[in-house]
Each structure stands twice: as structure tokens, then as C-alpha cells.
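Asker: pasting the structure only:
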């Protein structure tokens, strides 16, 4: 009688709990499909790269996670080994991109579950960005050689730029301050604190006006801070160290910084990228000398209509890409050093300007400039340590 009872008890336990070769659901281990994936499919996060998690699986020794830029790419994506049912990514995920991911469990002897459903995570920047498909264009003043700002813009030459994304607007005081405050608390130093518009908040300018009174070094260092703020790898290094100080005492590092176009962090646009974006990229539908219209008043704040003041970003008509104020409001810092005849020797593919120089480029014209300064091709420059109440910037991100 005791033997019969023991057999019945074993049968009950086996039925309720499954045998050692099955998952907790009672299915064969190889038939299990993991559920409970977070972030949920088609979720969008802003200003952060979230951790991944999923339901645990009985008898799993470890988990394999795949992340890729498309569902097709998952088939050949590297498998990330996870010892538990969660994964915290490093700064390897790109902002302003979709990320496809899935996971499966693995037993000690190598047997695997089915892959989970594929989930999609979108990571957006706290800076609204516009994606550009790269292409070839003619760079320089091709409109009117008499109506020019400087002679250096006259040599028209072909340039090819790769895909990238660019801020929809000039960086506002609110965006600058958000990153600046975080940066100061996290070991950064700046030569200048910046200012909201040409007058400042105390004099009536608003947080939606572009930040000004920041030099090239400040803008470059802020890009590094914005990258770390969003868990991205900083673009600008010197002697293998991240640049976190734009003060004059660190000028050697700032003025000799290097970056590569494949860096995933925020950076200043190259002069070629800036002009390609201002022209509307491969959506350029006309031959206007201004960014978005042949009528300057439609797209730009400049001397004749600005009321002698900077204006909130995005108030004028955008160009073909949806970019605002590429002509007028404030000049915008670019990466490149200035050289008078550089256009004549420029590389065809993704030019980054001279390797050294005295002045850094800014583009686009400003609220107190003449119409000619707002030409897409107009170039200006100054020392990287100087500040002006009519110069700001907009960052870019390289595409994967």
C-alpha cells in the first residue's frame, strides 16, 4: 500500500512541476518562447538608454540577447551573453534610432529555447533631430559672384557627405542649461556660462531663444557633456582622454582635439554637413541662396526684420528638411578650421577641413547681419576662444 501511495505522489509532483528537462510551463525547453520583455515593443524613450529585462526561465544557465538596427540584421547580429534575465547596455546604442531586440535561454548542455518575439525600441534625443540621407552636392557660391560675403566661398566644388542627423533648431538656452547644469555637477568646466539670446533672461529674452556668448571650445565641450548625459560615447578626445574643460587653461587639448565621423556622440557639424543640410540635402527643390526660400524674410531673422534682437527658434518657415533658422537668427559654429583656399583642395568624401588653423568656421548669418550673410554659402570665422552675442550652434549625430 505504501508503494502505491509513493507512486501516486511521484506522479502528482511530476504532473504539477514538470520534469527536469522542461520549463516551468510544462513545455519542452526547446519549445519555450520567453515573454515579459521590457521595454515593451514600439516603446520610445527620451534622453536615456534603458535596461532590458524579461521573464526568467526554469533551468536556464544563461541568456543570449541580440540587438540590431533592423529585423533582418538580427539574423547575423552578435549574441550578448547575460547571466541573469536582464541586461544594462553600455553606450553602444545610438540615439535617434530604432533598435530591434530579442532573447532566448540556454541550458548548461547548450539546448536553447525559441527566440522571443522581436521588440522595437526607439531612443530619441532630448534635442529634436532630423535624419539626413547623404549625397553629393555642389558646395560654394553658385548664385552670384558679385553678391558674396567673402571671396573664400566662390570656388564651387563637388562634395559627398554620409548620412547624419542634425538638430532641428539652434540649441536653445533651455537645452544648453539642462546639459550645462548636469555637466558642472559631473566634473565639467566651461570658459563661459552662455546666455539666453543677445540680452539674457533678466532683460526679457526667453529660454526658447538660442544660447549665445559661448565660444567654439564651449560648444565642443558641451557636445561631449550632452553625449555623456545621454550615455553616448563623447566624440572629442585629446591624448585618449575625454575633453571636459573648455577654459583657456585647457586650450591645447581643445584646439588639438580629434574626432572621427563614425563617433556616436554629439558633435559640431563639418562645414560640408552644415551646407548640405542648409540646402535641403537631397530634398533640395530649388536653387535659392537662402535656406528654404528665395524670399529671405520668410525664413530668417536678420538686420531688416529682427527688431535688433535674437528671436525664439523655429518661428520662421523651415527649409525642405524641416530645419529652422539655417539662415539668420544666430551664426552657428562648425567643426572646421578656416583656410582661405581650402575649397580648392577639399576632399570629395566627407571633408573635415584643414588639420590646423587660427580661426574656426561659423555659418548661417544672424539677427544683426545683412542679407548677404544669410546666404547658404556665406562663411565667417573667428578665434575659438572668442564669444559673440550673435553666435550659437546646432549639433549633429553620425548615422550607424
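Answerer: Right, received. Where do you want to start? These numbers come from a predicted model, not from an experiment.
Asker: Run the chain-centre distance for stretch 392-400.
Answerer: Stretch 392-400 sits 5 Å away from the centroid of its parent chain (Cα atoms, centre = their mean, to the nearest Å).
Asker: mean confidence for that stretch?
Answerer: For stretch 392-400, mean pLDDT rounds to 92.
Asker: If you count neighbours, what's buried in it?
Answerer: Neighbour-count burial for stretch 392-400, counted by 16 or more other Cβ atoms under 10 Å, picks out 392, 393, 394, 395, 396, 397, 398, 399. For the C-beta atoms, the positions are set from N, CA and C on the backbone; glycine is no exception.
Asker: Hmm, the last one is touching residue 165, no?
Answerer: Yes - applying Cβ atoms under 8 Å as the test, residue 399 and residue 165 come out as touching, 6.6 Å apart.
Asker: any common contacting residues for the two?
Answerer: residue 131 (Cβ atoms under 8 Å, 6 or more residues apart in numbering).
Asker: State the next helix or strand along the chain beyond the strand ranked longest in the chain.
Answerer: Secondary structure of the chain per DSSP state E: the longest strand is strand 97-106. Under the assignment DSSP states H and E, the closest C-terminal helix or strand after strand 97-106 is strand 119-124.
Asker: can you list contacts of the helix or strand that that following strand is followed by?
Answerer: Where DSSP H and E defines the elements, the next helix or strand beyond strand 119-124 is strand 129-132. Defining contact as Cβ under 8 Å, 6+ apart, one finds that strand 129-132 is touched by 95-96, 163-168, 276-277, 281-282, 321-323, 397, 399.
Asker: Kindly supply the ChimeraX command isolating those of those that are buried.
Answerer: Filtering these down to the buried ones (16+ other Cβ under 10 Å) takes a single ChimeraX command:
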select :95,96,164,165,166,167,168,276,277,281,321,323,397,399
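Asker: Determine the set of other helices and strands touching the longest strand of the chain.
Answerer: Counting contacts by 3 or more Cβ pairs under 8 Å, 6 or more residues apart in numbering; DSSP states H and E, strand 97-106 packs against strand 62-68, strand 119-124.
Asker: Quick one, which of those strands gets closest to residue 103.
Answerer: strand 62-68 (4.8 Å; Cβ to Cβ).
Asker: what lines up beside that closest one in the sheet?
Answerer: Strand 62-68 has its sheet partners listed here by DSSP bridges as strand 80-82 (antiparallel), strand 97-106 (antiparallel).
Asker: most packed of those?
Answerer: strand 97-106 (a mean of 21; mean count of other Cβ atoms under 10 Å).
Asker: How far off centre is that strand?
Answerer: Worked out by Cα atoms, centre = their mean, strand 97-106 lies 22 Å from the chain centre.
Asker: who touches it?
Answerer: 29, 32, 34, 37, 52, 54, 57, 60-71, 73-74, 82, 93, 112-123, 400.
Asker: Just the buried subset of those, written out for PyMOL, thanks.
Answerer: Those of these that count as buried under 16+ other Cβ under 10 Å are selected in PyMOL with:
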select buried, resi 29+32+34+37+52+54+57+60+63+64+65+66+67+68+69+74+82+93+113+116+119+120+121+123
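Asker: what about this protein, any weak spots by pLDDT?
Answerer: For the chain, the stretches flagged by pLDDT under 70 are 1-26, 42-49, 90-92, 144-150, 285-286, 400.
Asker: what domains does the record give for it?
Answerer: Per automatic domain parsing, the structural domains of the chain span 18-124, 129-398.
Asker: most neighbours per residue, which of those domains?
Answerer: domain 129-398 comes out most buried of these by mean count of other Cβ under 10 Å, with a mean of 20.
Asker: Now do the end-to-end distance for that domain.
Answerer: For domain 129-398, the first-to-last residue distance is 11 Å (Cα to Cα, to the nearest Å).
Asker: where's it relative to the chain centroid, distance-wise?
Answerer: 14 Å.
Asker: re earlier: dump the helices and strands packed on strand 97-106 to a markdown table, plus distance to residue 341.
Answerer: Below are these laid out as a markdown table (distance: least, Cβ to Cβ, whole Å):
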| stretch | distance to residue 341 |
| --- | --- |
| strand 62-68 | 44 |
| strand 119-124 | 41 |
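Asker: Can you check which of those strands gets nearest to residue 229?
Answerer: Among the helices and strands packed on strand 97-106, the nearest to residue 229 by Cβ to Cβ is strand 119-124 (13.4 Å).
Asker: what ranges do the strands span in the stretch 201-350 of the chain?
Answerer: 211-212, 237-238, 241-242, 331-337 (DSSP state E, counting those that start in this stretch).
Asker: Mind checking the ones you listed for the one nearest to residue 230?
Answerer: strand 241-242 (14.4 Å).
Asker: which other residues reach that closest one?
Answerer: With contacts defined as Cβ under 8 Å, 6+ apart, strand 241-242 is touched by 224, 228, 234, 236, 253.
Asker: just those now: which is nearest residue 210?
Answerer: Once Cβ to Cβ is applied, the member of the contacts of strand 241-242 that ends up nearest residue 210 is residue 224, at 19.8 Å.
Asker: who's in contact with that closest one?
Answerer: Applying Cβ under 8 Å, 6+ apart, the residues near residue 224 are 188, 234, 235, 236, 242, 243, 244, 265, 266.
Asker: Distance check, the fifth one against residue 175.
Answerer: Taking Cβ to Cβ, to the nearest Å as the measure, residue 242 falls 21 Å from residue 175.
Asker: And for residue 165?
Answerer: 16 Å.
Asker: Please apply the same query to residue 288.
Answerer: From residue 288 to residue 175 the distance is 28 Å (Cβ to Cβ).
Asker: cool, and residue 123?
Answerer: Distance from residue 123 to residue 175, by Cβ to Cβ: 17 Å.
Asker: Cross-check the contact I'm expecting between residue 265 and residue 229.
Answerer: No - counting by Cβ under 8 Å, residue 229 is not a contact partner of residue 265; they are 10.3 Å apart.
Asker: any idea how far the nearest residue to residue 207 once chain neighbours are set aside is from residue 211?
Answerer: Spatial nearest neighbour of residue 207, chain neighbours left out: residue 174 (4.0 Å); criterion: Cβ to Cβ, 6 or more residues apart in numbering. Distance of residue 174 to residue 211, given as Cβ to Cβ: 9 Å.
Asker: circling back: looking at the contacts of residue 224, spot the one nearest residue 203.
Answerer: For those, the nearest to residue 203 is residue 188 (26.7 Å; Cβ to Cβ).
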